[in-house]
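# Predicted structure and sequence below. I'll ask about it afterward.
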Amino acid sequence: PCKVDAGSCFHNDGIVVLESGGSKRLADVEVGDRIKTVVNHLGLYQSNFSFSDVILVLKEPDSEKTKNIVKLTTASGRSIMMTPNHLIPTCTSTELSTALELAVGDCVFTTDGIETIVKVETAKFTGVRSVVTSHSFIVVDGFVASPFARVAQNSKFDATRRLSAVSDRKLRGLANTNSR
């Protein structure tokens, strides 16, 4: 389940872009869907975007339970809603920040490049989830974000992230072996 108390989810209405060119609400994403991702946010530019299979869908078991959400809005009007401890890269640090740590004037990565946050709001909503791919970052509502939150080491999310990284390395190794 989505660890909402740790703040590791997006709002269900968040939109991801599919490799086919279409889009889907996070509420409708399934394992196997290929969504827009970013392998590494450092030095981000258009060629860093790619697509990766969703390998895990993390859902809040009680979809009607009200959760705290942070809504970030950029100067272009783009916005995203995520739980407070959800991790997101900024253009001013190599460290990830939580949604709640971001403030007006901070800059974030989007599919259009670097954008400045002009509004940070908190609210309560129902329906949250996250999706995990083998890549470090996913793109939701045009924002580059981690699928994870700042949580204690050795948590289920930390273990899932580590498993994802190991699986990705093994799959690449198999692909390299098979291509010889």
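Thanks, I have it. Numbering: from 1, shown residues only.
# Would you map the strands across the chain?
Residue ranges of the strands in the chain, as given by DSSP state E, are 10-11, 15-17, 23-25, 34-38, 49-59, 66-74, 79-82, 87-89, 96-98, 107-110, 113-126, 128-133, 137-140, 143-145.
# Columns mean pLDDT on top of those strands, output as JSON lines?
Supplementary listing: those in JSON lines, determined by pLDDT from 0 to 100:
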{"stretch": "strand 10-11", "mean pLDDT": "90"}
{"stretch": "strand 15-17", "mean pLDDT": "97"}
{"stretch": "strand 23-25", "mean pLDDT": "97"}
{"stretch": "strand 34-38", "mean pLDDT": "94"}
{"stretch": "strand 49-59", "mean pLDDT": "90"}
{"stretch": "strand 66-74", "mean pLDDT": "89"}
{"stretch": "strand 79-82", "mean pLDDT": "95"}
{"stretch": "strand 87-89", "mean pLDDT": "90"}
{"stretch": "strand 96-98", "mean pLDDT": "90"}
{"stretch": "strand 107-110", "mean pLDDT": "92"}
{"stretch": "strand 113-126", "mean pLDDT": "91"}
{"stretch": "strand 128-133", "mean pLDDT": "88"}
{"stretch": "strand 137-140", "mean pLDDT": "93"}
{"stretch": "strand 143-145", "mean pLDDT": "93"}
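# Quick check: which of those is buried the most?
With neighbours taken as mean count of other CB atoms under 10 Å, those reach their highest mean count in strand 10-11, at a mean of 26. Where you see a C-beta, it was placed from the backbone N, CA and C, and this is true even at glycine.
# Identify the residues contacting that strand?
26, 69, 80-83, 86, 125, 127-130, 140, 145 (CB atoms under 8 Å, 6 or more residues apart in numbering).
# again, but for stretch 87-103
Residues external to stretch 87-103 that are found in contact with it (CB under 8 Å, 6+ apart): 7, 41-42, 44, 70, 72, 82-86, 106-109, 114, 117, 120, 122, 137, 143-146, 148-150.
# what about it, distance to the chain center?
Going by CA atoms, centre = their mean, to the nearest Å, the spacing between the C-alpha centre of stretch 87-103 and its chain's C-alpha centre is 12 Å.
# isn't Met82 right up against Phe148?
No: checked against CB atoms under 8 Å, the pair Met82 and Phe148 is beyond contact range at 11.1 Å.
# Pull the distance from stretch 49-58 to the chain's centre.
Between the centre of stretch 49-58 and the centre of its chain there are 10 Å (CA atoms, centre = their mean).
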